[in-house]
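A.B. asks: Got a sequence here, can you model it:
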Amino acid sequence: PENRKTIWNTEEVPEGSEFDDTWDPREQPEYQILFKQCVGTEDVFFGMSRKDPSTACCEDMVIKIKLPEAKYSDITLDIQDKVLDLRTPKKKLLLHLPYHVDSKNGKARFLSEEETLEVTLRVSRKFDFINFV
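C.D. replies: Below is the predicted model of the structure:
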């Protein structure tokens with residue numbers, strides 16, 4: 001049953017909007033999104049699979065975030081299916097991801113020499129079970 005006092009439906013609210021805080025004075029860090037795909041000799045030399053260099057054929061998304069003057073213990077990272085939320089005492093990043101990801105099985109590592117956080121997430125699209133057999 002519908003609640004008649006609600007202003008909008010939950011489907012109308014974009015995912016990750018609960019993390020958005022426009023009044024937060026922290027600046028956004030530099031970041032880049034890279035895509036990875038697993039290829040073997042049958043892909044490279046023989047072209048036996050249907051993979052091409054586009055992001056549609058990539059299995060993983062790697063997000064590299066520059067965090068100067070940050071320590072590993074200061075980083076708070078929350079990943080949802082379509083949103084990455086990162087916070088440190090000086091920086092804040094709310095990133096709406098280009099694809100849905102498997103939020104339960106990601107990896108993150110902090111490269112202290114480069115002052116970079118590297119987050120690797122598995123992309124989950126509807127028909128990946130057909131495309132990546």
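
A.B. asks: now residue 24, nearest residue through space, not along the chain?
C.D. replies: In this structure, residue 24 finds its nearest non-sequential neighbour in residue 92, 5.6 Å apart by CB to CB, 6 or more residues apart in numbering. C-beta: built from backbone N, CA, C; applies to glycine.

A.B. asks: Just want the phi and psi numbers for that neighbour.
C.D. replies: Backbone torsions for residue 92, taken as degrees, to the nearest 10, come to phi -150, psi 130.

A.B. asks: where exactly do the helices run in this structure?
C.D. replies: Taking DSSP state H, the helices of the chain run over residues 41-44, 128-131.

A.B. asks: Residue 67: how many residues sit nearby?
C.D. replies: Residue 67 sits with 24 neighbouring residues when counted by other CB atoms under 10 Å.

A.B. asks: Wait, it touches residue 29, no?
C.D. replies: Yes. Contact status for residue 67 versus residue 29: in contact at 5.8 Å, counting by CB atoms under 8 Å.

A.B. asks: Report the set of residues contacting both of these two.
C.D. replies: Residues touching both residue 67 and residue 29 (CB atoms under 8 Å, 6 or more residues apart in numbering) are residue 91.

A.B. asks: residue ranges for the strands of the protein, please.
C.D. replies: Using DSSP state E, the strands of the chain run over 31-36, 60-66, 76-79, 83-87, 92-96, 107-111, 116-122.

A.B. asks: Which strands and helices lie in contact with the first one?
C.D. replies: The criterion is 3 or more CB pairs under 8 Å, 6 or more residues apart in numbering; DSSP states H and E, and the helices and strands that strand 31-36 contacts are strand 60-66.

A.B. asks: Flag the shaky bits of the protein, pLDDT-wise.
C.D. replies: Applying pLDDT under 70 to the predicted model, the residue ranges of the chain that meet it are 1-3, 10, 13-20, 22, 47-48, 127-133.

A.B. asks: picking up where we left off before, identify whichever of the strands of the chain lies nearest to residue 4.
C.D. replies: Closest approach to residue 4 among the strands of the chain (CB to CB): strand 83-87, 29.5 Å.

A.B. asks: partners of the closest one, with directions?
C.D. replies: Here strand 83-87 has these sheet partners by DSSP bridges: strand 76-79 (antiparallel), strand 92-96 (antiparallel).

A.B. asks: Perfect, I'm done here.
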